[in-house]
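Engineer: whatever this is, show me its structure:
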Amino acid sequence: MGNLLGSWRFKEPSTVEECDSTWGSDSESDEPAAEDDSGISETVSPADSDRAAGDPGDTSPQLTDSPASVPKMKRSFYAARDLYKYRHSYPNFRKSRQPNEYRNLRFYLNKIPLVPDGIYIEEILTKWRGDYDKLEHNHTYIQWLFPLREQGLNFYAHELTQDEIKEFQSTREAKRRFLAAYSLMLDFYGLKLLDKSGNVARASNWQERFQHLNESQHNYLRITRILKSLGELGYEAFKAPLVHLFLEESLCHNTLPNMQHSVLEYYVYTIRLPATRRRLLRYARQHYRPAHAFLWGPPPKRRGGAGTGGSAGAGSSGIRAPAPTPEQQRREEESTTFTSASSGIFVSSHDAMVCQDLAGGGLKGCAGLGSNMAGLDGALMMVGARGERNEYNEMVPL
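Structural biologist: Numbering: from 1, shown residues only. Model prediction:
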């Protein structure tokens, strides 16, 4: 029996639908859309709630409802698979034979510097706050500040292990510095941490920083990493307030329009509890324009008995859109898809940013990854497949 269990491998999902269990135990009739804020109110500040209700004087430009003006989008299988593995504690990963040196914990205890820069955590926390140029252009610190059980672009950074996670969560000094690091990055993005429950709000310099964040999209990858790390190190409850704020800013106030897809495709799905994901997605669906293009709602079969198969012009919300003409479809696909001429690989804007960072970061062992992004599948598989996994099995419904 031991040999059978030892050789058993988890069957990985092969479609977006298999990766996403958000609506698997839910029905629209069970939880009406009117209740979509009920689970968020406990983790959103009163100031944020006022903004969510809408500002009569808000003259921000809004997206139109014209189907012809909306890019034709698809759910990213890469994103769905990556976050499925994260939420399920990285199934099928074999434990490393290397000794566990607790390098992430020792870094947070100020005993060792980050590599390769040789900088200690206390220097970062005390001297880098407000130095936005350094935070923007240095690309080696983020893997040390927010460690994961998967390999990042800094190959000198070490992946977390189950034992290190448990030790980290029981070390007060490490947790104090981790929250200080989170506050440091929030300030970089124009936000502030309000309390020990994880509530966040705009900082005084939010306009300047939001403008930068909207134009500096490689930071969206950093935010995905930050959200994952919060969950690994015991701050799962901090995710929903941050994700809710980004939904509000990108969908309601149009202050971060370029972030809209990343919030819905990545940030929401870092959250482990399906009920919390459903509440966030219901909130998003209320404000998403055009409504027929919303892809992250329950499957059509759960809304009026539609079949399991999709149809042209129908999103996951189950609301049909007028079918585009062949010429409209061609123009939309050309305007929203990044293509590698030599490899025939199509990726979303967020996934293309991953690839660009991999190419710029000198990803080892990824032969052929150049300006034309050939070999993308191997690169993305490599990033998503490495790490200390399948050990930290939390009793959380997924």
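
Engineer: just list what the helix or strand containing residue 166 packs against, helices and strands only.
Structural biologist: Assigned by DSSP states H and E, residue 166 falls within helix 162-169. Judged by 3 or more CB pairs under 8 Å, 6 or more residues apart in numbering; DSSP states H and E, helix 162-169 is in contact with helix 103-108, helix 172-188. Every C-beta, even on glycine, is put in place using the N, C-alpha and C of the backbone.

Engineer: swap the cut-off to 6 Å and go again
Structural biologist: Contacting helix 162-169 under the criterion 3 or more CB pairs under 6 Å, 6 or more residues apart in numbering; DSSP states H and E are the following elements: helix 103-108.

Engineer: tell me the buried residues in the helix or strand just after the helix it packs on?
Structural biologist: Downstream of helix 103-108, the first helix or strand assigned by DSSP H and E is helix 121-127. By neighbour count on 16 or more other CB atoms under 10 Å, the buried set for helix 121-127 is 121, 124-125.

Engineer: likewise stretch 171-191?
Structural biologist: Applying 16+ other CB under 10 Å to stretch 171-191 flags 174-175, 177-191 as buried.

Engineer: what does stretch 224-232 rub up against?
Structural biologist: 86, 146, 148, 238-239, 266-267, 270 (CB atoms under 6 Å, 6 or more residues apart in numbering).

Engineer: model confidence over that stretch, on average?
Structural biologist: In this model, stretch 224-232 has a mean pLDDT of 98.

Engineer: where do the helices of the stretch 201-350 of the chain begin and end?
Structural biologist: Using DSSP state H, counting those that start in this stretch, the helices found in the stretch 201-350 of the chain span residues 206-215, 218-232, 239-247, 260-262, 274-287, 326-336, 349-360.

Engineer: what angle do the third one and helix 172-188 make?
Structural biologist: Spelled out, that is helix 239-247. 10 degrees (axes from the mean of the first three to the mean of the last three CA atoms, to 10 degrees).

Engineer: may I have helix 239-247 as CSV, with CA atoms only?
Structural biologist: Taking Å, rounded to 0.1, in the frame of the first residue of the first chain, the C-alpha atoms of helix 239-247 are listed here in CSV:
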residue,chain,number,x,y,z
LYS,A,239,-5.9,39.4,0.0
ALA,A,240,-9.6,40.2,-0.3
PRO,A,241,-9.4,43.9,0.8
LEU,A,242,-6.5,44.5,-1.7
VAL,A,243,-8.2,42.7,-4.6
HIS,A,244,-11.5,44.5,-3.8
LEU,A,245,-9.8,47.9,-4.0
PHE,A,246,-8.2,47.1,-7.3
LEU,A,247,-11.5,45.9,-8.7
